[in-house]
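> Here is a sequence together with a model predicted from it:
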Amino acid sequence: MLPILVEKVVYRHINNSLIEKQKKFIDHLNQNEINDFIENSDSTDIYSQFSTLHSEFLVLSKTTVKPAQKKTTFANDYRVIEGEENEYRILQHHFAYENQNYQLEIGSSLAEIKDLTFIIRFFIIIVFVVLLLITFLADTFYVEYLLKPFYKIIDTKIRRVNEPEAFDHTPIKAASRDFRELDFVLNQMMDRIAELFKKEKQFISNVSHELLTPIALLKNKFENLLQNDSLDDNAVDKIAGSLRTLDMLKKIINNLLLISRIENHQYATDEEIHFYEMIKDMKEDLQDRIEDRDITFVNNMKHDFSFRGNKTLIHILIYNLITNAIKYNKKKGEIIVSDEFVNQQYCISISDSGIGMDASQIEKIFNRFTRISSDQDGQGLGLAIAKSIASFHHIKITVDSIINQGTTFTLLFPERLKT
């Protein structure tokens, strides 16, 4: 808006100057001067006075006044003076003197004004750009300075919510009362979270002792009863069934405790894991189950990729996926384990030629106690455990499946090239 305002101010200044000259001319007007300006009675416009540099001119001419014509008007127009054309700001004033109508034109050159206006506009734009840049830089650094305590709170405290034991309670130095209050509230919140974590770990420990111990005692008693020769076959079958139920209950409790410990980050992740060797050993361990189902196991592992994590948990993760592929495979089916690098990230794929799943089943497979087929044994916790382990190690696990064609589980690891 500034260039427009400058132009309006300039034009207003010129208009006022022209009005003053018009008033001064008319106030001192007499018939002799009119005769000097008008050479003959039917003369048209005659440029009777102008400055040496053609910056101003004054013209007086006889005219007829139209009924709707304004007395004084301003306009920008081009005029030729001594063969030179220039743009002028022109005042046109109509007046009557001794029963004769006259038109007075006073012009002021716009050449210098245009140059000056251009310079002012250019200067304003430069100043505006400089001020904008200075303001942007000042705001950026000032906001960065103001929010420095906030960023420190995020880095040192909020990102450690899942690690209450390593939480730093040292107060953050901040000039703002709001940041100090935020820091204080976070410290209080983390104290409560740490207390809850402690109680949960204690609860897990108590559950492990209080539930598994009675199960072990019952199992021993049932096993001792089986040693009694006076039992008939019906009683033996019932006791054997009770033992199987106790074993299943023990497995469920152990699996739930495992998931809870994983989600509470109670495992170290500092072991070096080599997947090629792990898959090779796992194939040998599961060879009997593979042969019972007459399944072909193909190991297409090509990379000796290493990963830092918890070896036991990673073994359980891959073991559960492979046993799942065996369980839901077809007779004389196939299991293929392969690896590759996708966008410099290592991934392992476990594919089977089994019964497959539809979209609604895929959405639920990682839920606890979810089973794809009721014909298969299990408690529905294998994939829930696999998902918890993958999340604990920041591994992305995806599923692709087609009904009656097979399923592929893919593990995408977070670390980049490290072979």
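Arrived safely, thanks for sending.
> confidence score at E165?
E165 is assigned 63 on the pLDDT scale.
> Secondary structure class of R368, three-state.
When classified by DSSP: H, G, I helix; E, B strand; the rest coil, R368 comes out as coil.
> I figured it was touching I385, is that so?
No: in terms of Cβ atoms under 8 Å, R368 does not count as a neighbour of I385; the distance is 9.1 Å. Quick note: C-beta positions are derived from backbone N, CA and C, even for glycine.
> more crowded one of these two?
Legend: neighbour count by other Cβ atoms under 10 Å for R368 and I385, higher for I385 (21 against 16).
> Now name the helix or strand holding the more buried one.
For I385, the host element (DSSP states H and E) is helix 382-392.
> any residues touching that helix, and which ones?
Contacting residues not belonging to helix 382-392 are listed as 255, 258-259, 262-263, 265, 267, 269, 310, 313-314, 316-317, 320-321, 323-324, 365-370, 395-397, 411 [Cβ atoms under 8 Å, 6 or more residues apart in numbering].
> ok, of those residues, which come out buried?
Among the contacts of helix 382-392, the ones that count as buried by 16 or more other Cβ atoms under 10 Å are 255, 258-259, 262, 267, 269, 310, 313-314, 316-317, 320-321, 324, 365-366, 368, 395, 397, 411.
> List the ones among the residues you listed that fall in helices.
N255, L258, I259, I262, L313, I314, I316, L317, N320, L321, N324 (DSSP state H).
> In the stretch 51-200 of the chain, mark out all the helices, start to finish.
111-156, 177-226 (DSSP state H, counting those that start in this stretch).
> Next, the angle helix 111-156 makes with the longest strand anywhere in the chain.
Identified as the longest strand of the chain according to DSSP state E is strand 84-97. Orientation note: strand 84-97 sits at an angle of 110 degrees relative to helix 111-156 (axes from the mean of the first three to the mean of the last three Cα atoms, to 10 degrees).
> Flag the shaky bits of this structure, pLDDT-wise.
For the chain, applying pLDDT under 70 flags the ranges 31-33, 35-54, 65-69, 157-167, 205, 208, 372-378, 415-419.
> before we move on, back to that, list the contacts of the longest strand of the chain.
Strand 84-97 has contacts (Cβ under 8 Å, 6+ apart) with 11, 14-15, 18-19, 21-22, 26, 29, 34, 54, 57, 63, 65, 69-79, 101-111, 113-114.
> Strands of the stretch 301-419 of the chain, residue ranges please.
Assigned by DSSP state E, counting those that start in this stretch, the strands in the stretch 301-419 of the chain fall at 306-309, 334-342, 345-352, 396-402, 406-416.
> Redo those strands as a markdown table? Include distance to K173.
Shown next, in a markdown table, are the strands of the stretch 301-419 of the chain (distance: least, Cβ to Cβ, whole Å):
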| stretch | distance to K173 |
| --- | --- |
| strand 306-309 | 35 |
| strand 334-342 | 44 |
| strand 345-352 | 39 |
| strand 396-402 | 39 |
| strand 406-416 | 34 |
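> closest one to I279 among these?
Of all the strands of the stretch 301-419 of the chain, it is strand 334-342 that lies closest to I279, at 5.5 Å by Cβ to Cβ.
> buried set for that closest one?
Neighbour count says strand 334-342 has E334, I335, I336, V337, S338, D339 buried, by 16+ other Cβ under 10 Å.
> beta partners of the last one?
Right, the one you point to is D339. I348 (DSSP bridges).
> State the helix or strand in which D281 lies.
Per DSSP H and E: helix 275-285 holds D281.
> What separation is there between A386 and D270?
21 Å (Cβ to Cβ, to the nearest Å).
> These two - which one has more neighbours?
Counted by other Cβ under 10 Å, A386 and D270 do not tie: A386 has more neighbours, with 24 against 8.
> want to throw the helices of the stretch 51-200 of the chain into CSV with distance to H303 and mean neighbour count?
What follows is these, written out as CSV (distance: least, Cβ to Cβ, whole Å; neighbours: other Cβ atoms under 10 Å):
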stretch, distance to H303, mean neighbour count
helix 111-156, 35, 12
helix 177-226, 37, 13
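> Compile the ones you listed into TSV and extend it with columns for distance to D288.
Shown next, in TSV, are those (distance: least, Cβ to Cβ, whole Å):
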stretch	distance to D288
helix 111-156	52
helix 177-226	25
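> Please identify which of the ones you listed is closest to E7.
Ranking the helices of the stretch 51-200 of the chain by their distance to E7 (criterion: Cβ to Cβ) puts helix 111-156 first, at 5.8 Å.
> how far is the closest one from where the chain is centred?
26 Å (Cα atoms, centre = their mean, to the nearest Å).
> quick one, that helix and helix 177-226 angle?
Orientation check (the same axes, to 10 degrees): helix 111-156 against helix 177-226 gives 30 degrees.
> elements contacting helix 111-156?
helix 2-27, strand 84-97, helix 177-226 (3 or more Cβ pairs under 8 Å, 6 or more residues apart in numbering; DSSP states H and E).
> now for these, which one comes closest to S401?
helix 177-226 (33.7 Å).
> which helices and strands sit right next to that closest one?
Secondary elements touching helix 177-226 (3+ Cβ pairs under 8 Å, 6+ apart): helix 111-156, helix 233-263.
> Could you save the ones you listed as JSON lines and add columns showing distance to M278?
Formatted as JSON lines, those follow (distance: least, Cβ to Cβ, whole Å):
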{"stretch": "helix 111-156", "distance to M278": "35"}
{"stretch": "helix 233-263", "distance to M278": "18"}
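> Which of those helices sits closest to Q361?
Per Cβ to Cβ, nearest to Q361 of those: helix 233-263, 20.7 Å.
> before we move on, the earlier item: now the helix holding D281: buried residues?
Result for helix 275-285 [16+ other Cβ under 10 Å]: buried residues F275, M278, I279, M282, K283.
> Quick check: bridge partners of V298?
Here V298, judged by DSSP bridges, has bridge partners I336.
> Now do stretch 273-280: distance to the chain's middle.
That offset, for stretch 273-280, works out to 37 Å (Cα atoms, centre = their mean).
> Show me the contact partners of that stretch.
299, 301, 303-309, 311, 314-315, 318, 337, 339, 348.
> Can you say which of these are buried?
M301, F305, F307, G309, K311, I314, H315, I318, V337, D339, I348.
> Closest to K221 out of these?
Nearest member of those to K221, counting by Cβ to Cβ, is H315, at 33.5 Å.
> how near is the closest one to I385?
For H315 relative to I385 (Cβ to Cβ), the value is 12 Å.
> One more: A268?
The value you get for A268 to I385, if Cβ to Cβ is used, is 18 Å.
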